[in-house]
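Enquirer: I would like to see how this sequence folds:
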Amino acid sequence: MFLFDTDVITNIFKPTPSQYLIERLKNLPRKDQFVSTITIAEIVYGAMKSIRPKYHLFNLKNLILPTVTIVSFNSEAAFYCGKIRAELEKQGIPISFADLQIASIAISHELTLITGNTKHFQRISTLLFFPKYFLKLFFAE
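Expert: Okay, here's the model as predicted:
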């Protein structure tokens, strides 16, 4: 089961999306596709800053959200988030709070995070995510 990071979802609506990504998603059962409430917030934020907010919000509401299961930042994810944040701060390793929340949701729901931004997440040792060679199957040019 897979939690898609924001970059994966937004790739679908690029003028030239990754065809490998599109094909992989077509072959992945809906029951295995998850998006976090944090990703939804990031997409809405980006849409509102864009020159075509209605277009992006329409795509989110009508094309993406009906095809995935939405998972929230709940109390279990919050515990992971706090623990991971403290561990990383002790090591002097910065990470954005949104990325921490997305990672914590993946961990708490035992989902594999699919992202093109592995650099953002590889600092979190408890997070399961595909190594870059698997990501190429989702993002190959």
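
Enquirer: please make it C-alpha for all contacts and neighbour counts, starting now.
Expert: Fine.

Enquirer: so which bits of the helix of greatest length in the chain are buried?
Expert: In the chain, with assignment by DSSP state H, the single longest helix is helix 75-90. In terms of neighbour count (16 or more other CA atoms under 10 Å), helix 75-90 has its buried residues at 77-78, 80-81, 84-85.

Enquirer: CA-only coordinates of the helix or strand just after it, as PDB, when you get a sec.
Expert: Sequence order places helix 97-108 as the next helix or strand after helix 75-90, per DSSP states H and E. Only the C-alpha atoms of helix 97-108 are listed here, as PDB (Å, rounded to 0.1, in the frame of the first residue of the first chain):
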ATOM      1  CA  PHE A  97       7.200  20.100   9.300                       C
ATOM      2  CA  ALA A  98       5.000  19.100   6.300                       C
ATOM      3  CA  ASP A  99       7.500  16.400   5.300                       C
ATOM      4  CA  LEU A 100       7.600  15.200   9.000                       C
ATOM      5  CA  GLN A 101       3.800  14.900   9.000                       C
ATOM      6  CA  ILE A 102       3.700  13.000   5.700                       C
ATOM      7  CA  ALA A 103       6.400  10.600   6.900                       C
ATOM      8  CA  SER A 104       4.600  10.100  10.200                       C
ATOM      9  CA  ILE A 105       1.300   9.300   8.500                       C
ATOM     10  CA  ALA A 106       3.100   6.800   6.300                       C
ATOM     11  CA  ILE A 107       4.700   5.200   9.400                       C
ATOM     12  CA  SER A 108       1.500   5.100  11.500                       C
END
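
Enquirer: what lies in contact with helix 97-108?
Expert: 3, 5, 36, 38-39, 71-74, 76-78, 80-81, 84-85, 112-113, 120-121, 124, 126-128 (CA atoms under 8 Å, 6 or more residues apart in numbering).

Enquirer: again, only using 6 Å
Expert: 73, 77, 80-81 (CA atoms under 6 Å, 6 or more residues apart in numbering).
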